[in-house]
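> Sequence below, structure please.
(one chain, ligands or ions: 1)
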Amino acid sequence: MEPLSSSFFEITMLKLLFLSTPVGPLASGVGGGVELTLLNLAQEMSQRGHKVTIVAPQGSKLPDLPCQEISGTWQEMIQNNHRDTPIILPENSVLGNMWDYARKVHIDHDLIVNFAFDWLPFYLTPFLDAPIAHFISMGSITDAFDEIMNRVAINYPNTIGVYTRSQAETFPFNNICRILGSGLDLSLYNYCDTPDNYLAWVGRIAPEKALEDAIEAAEMVNIPLKIFGKVTDEEYWQTIRQNYPHAPYQYEGFFNTIELQKKLGKCKALLMTPRWVEAFGNVAIEALACGVPIIAYRRGGPAEIVQDQRTGFLVEPDSISGLVDAINYIDKIDRKQCRRQAETDYSLKALGDRFESWFYELVEQE
Ligand code: HBI
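Residues are numbered from 1 along each chain as shown. Reported below is the predicted structural model:
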């Protein structure tokens, strides 16, 4: 194919097929940050005149976007796996069914965009005629999965996208993936200048997110902690409740963007305490958009997002006393700087520009 001119880029409408994460329905919270990334991107691409169809598990709730809902058994969360766990697919797999659908319709699309952090879509890459962009939303978990991603990275250059450099560095193919960051529809988030006396913690409630560290820090400074997010590991949550009977925390629940930003904006700081290399941390930029500074361990995505001492504090990983010191200094942060950083670095337009040029390159590459 002849190289396409930039004017061609401006006028070419792409037909995009987005395949969602198979761990649960979209907008349920089970899929964590990647749900938000997919929806934001779908909205932005449609706004730019591209035609986006989303393929997602049955029960997904999407405002104004065409969605093909697919039945079947949800995929197990891969973060519960060990390095040597083999590839697992359940009977009547929703992931398998989603790719069955993709196989039937892929000829009518310019590009398939995979958001599942699972082996099957990588394995199927050579079997389909449409180009596939794989956006991966986590750091390395298992050897068997790394192996197939590595093969795709080598045989299909430029087809693997990640959020951050730290995430990429967990993979053997780290120097050949596309770093795409994240972004938000900032118009949905209101800046709040005057917080109440609360701290916030937002995320899926599961061991790799180490909520207990935030609870311990809140207990030590005696400032109530509001916890937002879906409980995806019930046993872990019950253990926390038993271990911290007197800590000043309140479980608020899982909220949509509009509701979350109302409550999050009123908090003094967001605590981010992941034990693992967090690939990005969409909740960090949601907090910034509301003017809420972040206190995070200096590892993974949050360490690339937070401007230390300007829009929050980066503390020694796994150090509760580090969190406590930072909480005691939080009033030194100018909340306006936080909102400003969101506007400069994490707008939906900036995100759309990065993904759109990646998509065009992949379509042209064919
Ligand atoms: N596990 N098997 C599997 N597949 C996914 O797509 C997946 C996951 N666990 C978590 C996850 N996606 C998302 O929560 C990411 O945002 C981290």
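> In the chain, where's the longest helix?
With secondary structure taken from DSSP state H, the chain has its longest helix at helix 348-365.
> Give me the contacts around that helix.
Residues from elsewhere that reach helix 348-365 (CB atoms under 8 Å, 6 or more residues apart in numbering): 1, 3-4, 9, 12, 14, 16, 40-41, 43-45, 47-48, 110-111, 113, 131, 133, 157-159, 161, 178, 180-186. Just so you know, the C-beta spots here come from the backbone N, C-alpha and C atoms, and that holds for glycine as well.
> same deal with stretch 223-239?
The contact list for stretch 223-239, computed with CB under 8 Å, 6+ apart, reads 28-30, 77, 197-207, 211, 214-215, 218, 247-255, 260, 263-264, 267-268, 271, 327.
> hmm, 6 Å instead?
Stretch 223-239 has contacts (CB atoms under 6 Å, 6 or more residues apart in numbering) with 29, 198-207, 214, 218, 248-252, 254.
> For the residues you listed, which ChimeraX command selects only the ones that are buried?
Buried residues among those (16 or more other CB atoms under 10 Å), as a ChimeraX selection:
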select :29,198,199,200,201,202,203,204,205,206,207,214,218,249,251,252,254
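> and the contacts of stretch 223-239, which of them are in strands?
Judged by DSSP state E, these include L199, A200, W201, V202, Y249, Q250, Y251, E252 as members of strands.
> quick one: the second one and C267 touch, right?
By that I understand A200. Yes. Taking contacts as CB atoms under 6 Å, A200 lies within contact range of C267: 3.8 Å.
> Next, the buried residues of the longest strand out of those in the chain.
Counting residues, the longest strand found in the chain (DSSP E) is strand 51-57. Within strand 51-57, the residues that count as buried by 16+ other CB under 10 Å are V52, T53, I54, V55, A56, P57.
> Can you show me the strands along the stretch 201-350 of the chain?
225-228, 249-253, 269-272, 294-297, 312-315 (DSSP state E, counting those that start in this stretch).
> So what are the sheet partners of the fourth one and their directions?
The one in question is strand 294-297. Strand 294-297 sits in its sheet next to strand 269-272 (parallel), strand 312-315 (parallel), going by DSSP bridges.
> most neighbours per residue, which of these?
Most buried of the strands paired with strand 294-297, by mean neighbour count (mean count of other CB atoms under 10 Å): strand 269-272, with a mean of 29.
> Show the average pLDDT along it.
On average, the pLDDT along strand 269-272 is 98.
> How about stretch 275-285?
95.
> list the buried ones in it?
W276, V277, E278, A279, F280, G281, N282, V283, A284, I285.
> quick one, what contacts the residue of the chain found nearest the ligand?
Nearest to the ligand, among the residues of the chain, is G32, at 2.8 Å (CB to the nearest ligand atom). Taking CB under 6 Å, 6+ apart, we find G32 in contact with R204.
> Kindly state the pLDDT recorded for it?
Reported pLDDT for G32: 78.
> Same check on I294?
I294 carries a pLDDT score of 98 in this model.
> gap between the closest residue to I294 other than its chain neighbours and C338?
Of all residues not flanking I294 in the chain, G312 sits nearest, at 3.6 Å (CB to CB, 6 or more residues apart in numbering). Per CB to CB, to the nearest Å, G312 is found 7 Å from C338.
> Also F122?
Relative to C338, F122 is positioned 37 Å away (CB to CB).
> again, but for E304
16 Å.
> And these two? Which one has more around it.
Ranked by neighbour count (other CB atoms under 10 Å), E304 and C338 place C338 first, with 27 against 19.
> Hmm, T273 is touching E212, no?
No. T273 lies out of contact with E212 (CB under 6 Å); the separation is 8.2 Å.
> who's more crowded, those two?
The residue with more neighbours, out of T273 and E212, is T273; 26 against 18, by other CB under 10 Å.
> That one - nearest residue in space that isn't next to it in sequence?
In space, T273 is closest to D213, 4.1 Å off (CB to CB, 6+ apart).
> Now do that neighbour: how many residues are near it, please.
When neighbours are counted by other CB under 10 Å, D213 registers 22.
> go on, R310?
Taking other CB under 10 Å as the criterion, the count of residues near R310 is 15.
> who's in contact with it?
Neighbour list for R310: Q337 [criterion: CB under 6 Å, 6+ apart].
> Write out the residues of the stretch 1-150 of the chain neighbouring the ligand.
Contacts of the stretch 1-150 of the chain with the ligand, taken as CB under 6 Å from any ligand atom, map to 21, 23, 31-34, 75, 77-79, 116-118, 137-138.
> Which stretches in the stretch 1-150 of the chain count as helices?
Secondary structure of the stretch 1-150 of the chain (DSSP state H, counting those that start in this stretch): helices at 6-11, 33-47, 94-105, 119-124, 143-155.
> elements contacting the longest one?
Counting contacts by 3 or more CB pairs under 6 Å, 6 or more residues apart in numbering; DSSP states H and E, helix 33-47 is packed against strand 51-57, helix 348-365.
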